[in-house]
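Q: Sequence below, structure please.
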Amino acid sequence: MAKVQPGQGYEWKAVALLSMGFGIVGIDRFMIMPMFPAIMKDLNLNYQDLGHIAGSLAIAWGIAALFMGNLADRIGRRKVIIGSLIVFSALAGASGLASGVGGLIVFRALMGFSEGAFTPASITATLEASHPTRHGLNLGIQQATLPLLGLGLTPVLVTQLLQIVDWRWIFLLVAAPGFLVAFIAYRVLRDVPPKVAAIHTATHDASAHRWSDVFKYRNVPLNMLAMPCWLTCLIVTSALMPSYLTDHIGLDVPSMGFVVSGIGFGAALGTILMPWLSDRLGRKPIMIASALGTLAFLVLLMNAGSEPGWLFFALFGTSFFNFALICLTVGPLSVEAVPATLMTTASGIVVGTGEIFGGGIAPIIAGTVAHHFGIASILYLAAGAVFAGFLVCLALKETAPRLVTRGAPEGMPKPAA
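A: Numbering: from 1, shown residues only. Okay, the predicted model is just below:
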C-alpha cells in the first residue's frame, strides 16, 4: 500500500479506528475482573490466583511491547496492528474454555503478548495521523476507549450478564468485534514514512538510528521509571477492587459493579481532558498535577467507608488522574522526545517496562499481600507507587509542540497552527 502524508480526513478516520481497537483491548483485558468472584467459586481459586492471572497477562504484554515496538518501526505499524487485533480477539474468546488456573494463565498470557504488540504501534499510528497541536487530544481520545469500555461499561454489563448466563459464554462473546475492526484497519490504515513522521517529534529527526539510541533521550529512561508506578496503581485498584468491595467492604455484586464502573468513567474523562490541557499548558505541569490528584483521591478511597456513592467518586477521581498519567507517559512524553525512526520503540520500551514491573510483578505482590495481610492493604501499595512516580515527574523534559518551537526544519507545520 502506498505511503502518503495523512490529511485531516484520514486523521479522524484513523483516530476513530484505533480508538475502537483499543476499546476492544480494554474489554478483553479487564472483563475478567468483575467475573472473578464467579470464576473463583467455579474453579476453586483464591486471591493469589487472581494476582497470577493478571500478572501473567501484564508480563507477556510488557515483553511484547519491548520487542514489537521496534519491529513496528522497521516494518510499519499497519502490519503489527492488524495481526495483533486478529490474534488477541481469538485468544480472548478462548479464555472461556479454561478449566483451571493454569489454562487461564496460558490463555491470558498469550492474549497479553498480542495486545502488547498492538499498544505501542497504535499509539504511534495515532500521533502520526494527528496534527502536532492535537497530539494530546487525539491520543487521549484513542486511549480513553480502553477505560471507558473495559473499566466503565464492561463491569456493569458483565455483572448483569452473570445473572443469566455462565461466565464462559461471556468470554466467547467478545471475539467478533476484534475481527471486524481488523478488517476495517486493513481497508483504512496507512503507514507514514519517517520524513513525514518527523514533524511529530521535538527532534525533527528522520534519520536511521539503532534501537539503543532511544536511551539517549532523557524522557525515555525517566518514563521507564514512572510507568510502573502508574500501572501499579491501575492494576492494584482494578484487578483486586471487585474482591475488595465485596469481601472487605461488604457490597453485593450489582453495587460492586456500579462502584467499579467509576474507574472506567473517571479514566475515560481524565484521559481526554488532561492530555488536551497538556497540548496548551505543557506535558510536565499536567503530569505533576495529575500525580498529586491521584494521591489525594487514593487517600479519599481509603476513608470512603461503605457508601457506594462515595466509593464511586473516589475511584472516579483516582482513575481520572492516574489514566492521564499513563496516557501522557506512553504517548507524547516518550514519542515526541525521540527521532521518527524510534517513535514506536520508545513507546514500546516504556509500555513494556511498565507492564512487566507495574502490571506484572505488582499484582502478584498485591495478591500475596492481600492473601496474607488482608485485602485492604493493597491501597497503601498503590499510594506508595504514585508518590514515587511524582518524584520522577519533577525531572521530565517538556515536549508539547506549542511550547517547543525552535529547531523545526523549513516547510514543516508550525506548532501554533
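Q: helices or strands next to the worst-scoring helix or strand of the chain on mean pLDDT in the packing?
A: Scoring the helices and strands of the chain by mean pLDDT, DSSP states H and E places helix 362-373 at the bottom, with a mean of 77. Packing partners of helix 362-373 (3 or more C-beta pairs under 8 Å, 6 or more residues apart in numbering; DSSP states H and E): helix 47-75, helix 219-239, helix 378-393. Placement of C-beta: from N, CA and C, glycine included.
Q: Please identify the most buried of those helices.
A: helix 219-239 (a mean of 26; mean count of other C-beta atoms under 10 Å).
Q: can you give me the angle that helix makes with helix 378-393?
A: Computed by axes from the mean of the first three to the mean of the last three C-alpha atoms, to 10 degrees, the angle separating helix 219-239 from helix 378-393 equals 160 degrees.
Q: Next, count neighbours for the nearest residue to Gly62 once chain neighbours are set aside.
A: Nearest non-adjacent residue to Gly62, counting by C-beta to C-beta, 6 or more residues apart in numbering: Glu355, 3.2 Å away. Neighbours of Glu355 under the rule other C-beta atoms under 10 Å: 30.
Q: and the gap between Ala370 and Gly102?
A: In this view, Ala370 and Gly102 are 21 Å apart by C-beta to C-beta, to the nearest Å.
Q: Between these two, tell me which one has more neighbours.
A: Neighbour comparison, Ala370 and Gly102: the larger count goes to Ala370, with 26 against 11 (by other C-beta under 10 Å).
Q: Would you mind giving the orientation angle of the helix or strand harbouring Ala16 with respect to helix 219-239?
A: Counting by DSSP states H and E, the element that carries Ala16 is helix 8-30. Per the same axes, to 10 degrees, the angle that helix 8-30 makes with helix 219-239 is 50 degrees.
Q: Point out the other helices and strands that helix 8-30 packs with.
A: helix 77-94, helix 101-129, helix 135-145, helix 154-161, helix 175-188.
Q: Can I get it in CSV? Just the C-alpha atoms.
A: Extracted C-alpha coordinates of helix 8-30, given in CSV (Å, rounded to 0.1, in the frame of the first residue of the first chain):
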residue,chain,number,x,y,z
GLN,A,8,-7.4,15.8,8.2
GLY,A,9,-10.0,13.4,6.8
TYR,A,10,-7.6,10.5,7.4
GLU,A,11,-6.8,11.9,10.8
TRP,A,12,-10.3,11.4,12.2
LYS,A,13,-10.8,8.1,10.4
ALA,A,14,-7.5,6.7,11.9
VAL,A,15,-8.2,8.0,15.4
ALA,A,16,-11.7,6.5,15.4
LEU,A,17,-10.5,3.2,14.1
LEU,A,18,-7.6,3.0,16.6
SER,A,19,-9.9,4.0,19.3
MET,A,20,-12.2,1.1,18.6
GLY,A,21,-9.3,-1.2,18.6
PHE,A,22,-8.0,0.0,22.0
GLY,A,23,-11.5,-0.2,23.4
ILE,A,24,-11.7,-3.9,22.5
VAL,A,25,-8.3,-4.3,24.2
GLY,A,26,-9.8,-2.8,27.3
ILE,A,27,-12.8,-5.2,27.2
ASP,A,28,-10.6,-8.2,26.7
ARG,A,29,-8.2,-7.3,29.4
PHE,A,30,-10.5,-6.2,32.2
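Q: Pull out the buried residues from whichever helix or strand comes after that helix.
A: Toward the C-terminus, helix 8-30 is succeeded by helix 32-43 as the next helix or strand (DSSP H and E). Within helix 32-43, the residues that count as buried by 16 or more other C-beta atoms under 10 Å are 32-40, 43.
Q: between the residues you listed, which is closest to Pro147?
A: Taking C-beta to C-beta as the measure, Met33 is the one of these closest to Pro147, at 12.4 Å.
Q: From Ala176, how far out is the closest one?
A: Counting by C-beta to C-beta - Met33 and Ala176 are separated by 21 Å.
Q: cool, and Lys216?
A: Distance, Lys216 to Ala176, by C-beta to C-beta: 44 Å.
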